[in-house]
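>>> Sequence and computational prediction follow.
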Amino acid sequence: MDKTKKEGRYQRIYEQLKDLLTKSRNPEARMATIVAVLHHKMEYFFWTGFYMLTDGELIVRTYQGPVACQVLEKNKGVCWAGINRAKTVVVPDVHKFPGHIACDSRSNSEIVVPVFNPEGKVVGVLDVDSTSYAAFDEVDAAWLEKIVALIYA
Ligand code: SME
């Protein structure tokens, strides 16, 4: 998707989510709504979901797309890189990312956006996979960071 179209799409999604998320402050409810809206409005999102830190493990939560790994091996792969760096990780070709965990062999690119709780601690990540190579860029990174910030807003 070209950058102008992407910008417009994210702008509309963000406005819609801001409205939808006023109905409950529950973080799990908000994450479920975010995943549903993103997954159905962004046709290049093949897998969309959250992995959250639970007793030191990274465990899958709400998601849409093919069945995924429930637990991610510690300090390995893209999601753990997002946790450990506390920064968004954009991977144009997952096959070139050392330690990448392939939950589904059809995924070719990926973006991971850390989730911060109100105390500023990383508590999990939003993970999106695409079957296209280099599907995600700085436009996705900026908007997905804004969207994830709505969970505890
Ligand atoms: N590829 C991720 C694992 C999660 S799946 O993409 C849904 C990783 O390397 O951490």
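Done, it's in.
>>> switch to C-alpha atoms for all contacts and neighbour counts from now on
Fine.
>>> number of nearby residues for residue 101?
Counted with other CA atoms under 10 Å, residues neighbouring residue 101 total 17.
>>> give the contact list for the closest residue to it other than its chain neighbours.
In this structure, residue 101 finds its nearest non-sequential neighbour in residue 77, 5.3 Å apart by CA to CA, 6 or more residues apart in numbering. Contacts of residue 77 were listed using CA atoms under 8 Å, 6 or more residues apart in numbering, and they are 97, 98, 99, 100, 101.
>>> Can you sort out which of those residues also neighbour the ligand?
100, 101 (CA under 6 Å from any ligand atom).
>>> I'd like the contacts of residue 77 as JSON lines, with pLDDT appended.
Putting the contacts of residue 77 into JSON lines (pLDDT from 0 to 100) gives the following:
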{"residue": "97", "pLDDT": "96"}
{"residue": "98", "pLDDT": "92"}
{"residue": "99", "pLDDT": "93"}
{"residue": "100", "pLDDT": "94"}
{"residue": "101", "pLDDT": "94"}
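>>> Same list (the contacts of residue 77) but as TSV, adding secondary structure.
Putting the contacts of residue 77 into TSV (DSSP: H, G, I helix; E, B strand; the rest coil) gives the following:
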residue	secondary structure
97	coil
98	coil
99	coil
100	coil
101	coil
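>>> Return the members of the contacts of residue 77 classed as buried.
For the contacts of residue 77, burial is judged from neighbour counts taken by 16 or more other CA atoms under 10 Å, and it is met by 100, 101.
>>> For the protein, what lies in contact range of the ligand?
For the chain, the residues found near the ligand under the criterion CA under 6 Å from any ligand atom are 68, 77, 78, 79, 80, 100, 101, 102, 103, 129.
>>> Tell me which of the residues you listed fall in helices.
77, 78, 79, 80 (DSSP state H).
>>> most surrounded residue in these?
Using other CA under 10 Å as the contact criterion, the top neighbour count among those goes to residue 79, which has 31 neighbours.
>>> My read is that that one contacts residue 125, right?
Yes - using CA atoms under 8 Å, residue 79 and residue 125 qualify as a contacting pair, with a distance of 6.7 Å.
>>> between those two, what contacts are shared?
51, 112.
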